[in-house]
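A.B. asks: coords below, sequence missing:
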C-alpha cells in the first residue's frame with residue numbers, strides 16, 4: 001500500500017484551495033521580476049505566504065528556465081517540532097499539496113540511508129512546515145520531478161555536506177535550502193543581524209552563521225560548505241523581514257532569498 005504524507009499546513013501557511021493557491025503563486029511570481037537566469041541551488045524562507053511568499057518568489061522565478069531540465073529536488077530544512085540527531089528521511093511514497101502529488105525518490109532514499117547520519121523518521125516530517133511550503137512553488141515551476149525531502153536535526157555542516165554531495169551529481173538535480181533568518185527582534189536590530197548573515201552567505205562562510213541568525217543554519221551551512229568546495233557563486237535576490245511584508249515592526253522575522261550559480 002502506498003504511503004501518503006498529506007499536507008499539514010494547507011489553509012494555515014498557504015491557501016488550501018487549489019485555484020486560490022495557483023492564483024497567489026502567479027501573483028508572487030509576476031511581482032518577482034523577469035530576471036530568469038537559471039539557478040543551481042536556492043535558499044528560500046518558509047513562513048506563511050503572506051509574510052515570506054514575495055521573498056521566496058524572488059528565488060523561485062529563476063526556475064522558469066529549468067522546467068524541463070530538473071528531474072530531482074533535494075529539499076532540506078530545519079526540524080521545528082521534533083528533536084533528533086542527524087537527518088530525517090520520510091518513508092512516504094508521495095507528498096501531497098492542494099496542487100497534487102509529488103513522488104519521492106526511492107533510489108536516493110535507499111542510498112542516503114546507508115549514511116550513518118541519515119535515518120527514517122516520519123515524526124520529523126508529519127507536521128513540519130519548512131519543507132511543505134516550498135512544494136507548491138516547485139510544482140508550479142517545474143515539470144515532473146521526484147522529491148528528496150530531508151529534515152535536518154542536530155547535524156553539523158560536514159554531515160549535511162556529505163548528503164548534499166551524494167545527491168547533487170548533475171544538472172538535473174536542484175538543491176533547495178529552507179530557512180528563515182533572525183527571529184523576534186525589533187526592525188532595525190533584525191536588519192543588522194540579517195545583513196551580517198547575508199554577508200556570510202555571500203562569502204561562503206558557514207562558520208560565521210550562528211543558530212540565532214538562521215533557524216535552518218545546519219542545512220544552510222552544509223550547502224555553503226559544498227558551494228565553497230565547488231567554487232560556486234552566491235547571488236542575493238532579496239532581504240526583507242515580516243515588518244516589510246505583512247507584520248508589525250516591533251517583533252519581526254527575517255527572510256532572504258539567494259541563488260547559487262557556476
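C.D. replies: Happy to help now that I have it. Owing to the predicted nature of the structure, the values given are computational and were not obtained by experimental measurement.
A.B. asks: which residue ranges form the helices in the stretch 1-150 of the chain?
C.D. replies: 18-31, 49-60, 106-112, 122-126, 129-132, 135-141 (DSSP state H, counting those that start in this stretch).
A.B. asks: Same list, the ones you listed, but as CSV with mean pLDDT, distance to residue 153 and mean neighbour count please.
C.D. replies: For glycine as for every other residue, the C-beta is placed from the backbone atoms N, C-alpha and C. CSV is the format used below for those (pLDDT from 0 to 100; distance: least, Cβ to Cβ, whole Å; neighbours: other Cβ atoms under 10 Å):
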stretch, mean pLDDT, distance to residue 153, mean neighbour count
helix 18-31, 98, 29, 15
helix 49-60, 98, 22, 25
helix 106-112, 97, 14, 15
helix 122-126, 98, 7, 18
helix 129-132, 98, 12, 24
helix 135-141, 98, 20, 22
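A.B. asks: of all those, which lies closest to residue 157?
C.D. replies: helix 106-112 (17.0 Å; Cβ to Cβ).
A.B. asks: Show me what that closest one is packed against.
C.D. replies: With contacts defined as 3 or more Cβ pairs under 8 Å, 6 or more residues apart in numbering; DSSP states H and E, helix 106-112 has these neighbours: strand 87-89, strand 146-152, helix 157-167.
A.B. asks: Excluding its own residues, what touches it? List them.
C.D. replies: In this structure, residues lying in contact with helix 106-112 by Cβ atoms under 8 Å, 6 or more residues apart in numbering are 72, 74, 87, 89, 93, 118, 120, 146, 148, 150, 163, 166-167.
A.B. asks: Equivalent analysis for stretch 183-199, please.
C.D. replies: 181-182, 208-209, 212-215, 236, 239, 241, 243, 249-254, 256.
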